[in-house]
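[1] Take this sequence and fold it.
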Amino acid sequence: MKLLLSAAALGLALGASSASALVVQDNGAYTLSYDETTSLGYLSSSFSSSDNTYGFSWNLNTGVQAISTGGSTVNAFSLPDFVLSANSGYVLGGNVSAFLGNLVFNQFGAGASTGATVSAVISVDGGPAMAFGGPLDQVTGAASGDFTTGYFSVETSQAFGNFSSLTVSDVTLTLSAEGGNFASIVGQQQNKLEVSFQATAVPEPETYAMLLSGLAALAWVARRRRRCD
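    Take a look at the predicted model:
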């Protein structure tokens, strides 16, 4: 499913995390600055491919959970704020995609239920703040009598055109478990939050100048040949 993106300005101030919490990572085509003090901690991986797709991810852990034994539990977790910026000679663009999953849930007993939602605030090139968020998809893996198990996940993609920077803040994952005899959602190390995008090299002004000089030389040669003919 696609999460909802509202272009309405929220009047929220976006910015990097405090200096003591900020990790800055230069990945060649782009620089990533993120808050490492959340429950996800440090970045788990970064990657690139031959089609100019780049990305990075964090692993979840068992501390990201909501467990209830007949009552109601709602837990909210701050996920990493980050700023993505193009390095010199590159432009960012294409679809910015995000994946969050797969968080296992278990429900036992009549009325047991679980839920998961994610929300964030996004700004492109310092533009208006935009609210972004919605529920994760709940996929049932197995069900027998009053017992149900499965997982929550969501994958979404948004086209911003070419841009130089993307700021994502106030990222929050909210988990709920209630009713029945037992209900739970528990993150695992193999669960992840992953972001991917395009980063394309752009010619420097000197390259354009050389290209124009080359074209001018070819045009001069062509004119000389026509005169000789």
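
[2] Residue 84 should be in a strand, yeah?
    Yes: counting by DSSP: H, G, I helix; E, B strand; the rest coil, residue 84 falls inside a strand.

[3] What is the burial count for it?
    If you count neighbours by other C-beta atoms under 10 Å, residue 84 ends up with 23. Where C-beta positions appear, they are placed from N, C-alpha and C, glycine not excepted.

[4] So it sits against residue 27, correct?
    No: with contact defined as C-beta atoms under 8 Å, residue 84 does not count as touching residue 27 (9.8 Å).

[5] next one: phi and psi at residue 70?
    Here is the backbone geometry of residue 70 (degrees, to the nearest 10): phi 100, psi -20.

[6] where do the helices sit along this protein?
    205-228 (DSSP state H).

[7] What ranges in it fall below the confidence cut-off?
    Across the chain, the ranges flagged by pLDDT under 70 are 1-20, 204-229.

[8] So what sits opposite the residue most central in space within it in the bridge?
    With distances taken as C-alpha atoms, centre = their mean, residue 195 lies nearest the centre of the chain, 3.3 Å away. Beta-bridge pairing of residue 195, defined through DSSP bridges, involves residue 56, residue 98.

[9] Am I right that residue 193 is in contact with residue 56?
    No: Residue 193 lies out of contact with residue 56 (C-beta under 8 Å); the separation is 9.4 Å.

[10] For residue 107, give its distance to residue 198.
    In this view, residue 107 and residue 198 are 40 Å apart by C-beta to C-beta, to the nearest Å.

[11] Pick out whichever of the two has more residues nearby.
    More neighbours surround residue 107 than the other of residue 107 and residue 198, with 26 against 18 (other C-beta under 10 Å).

[12] these two touch, right, that one and residue 114?
    Yes: using C-beta under 8 Å, residue 107 is in contact with residue 114, at 6.0 Å.

[13] Need the residues touching each of these two.
    residue 183 (C-beta atoms under 8 Å, 6 or more residues apart in numbering).

[14] Which parts of stretch 192-207 count as buried, going by neighbours?
    192, 193, 194, 195, 196, 197, 198, 199 (16 or more other C-beta atoms under 10 Å).

[15] ok, the fourth one - contacts?
    Residue 195 makes contacts with 55, 56, 57, 82, 84, 96, 97, 98, as judged by C-beta under 8 Å, 6+ apart.

[16] and the fourth one, how many neighbours does it have?
    Counted with other C-beta under 10 Å, the burial measure for residue 82 works out to 23 neighbours.

[17] I'm done for today, thanks for sticking with me.
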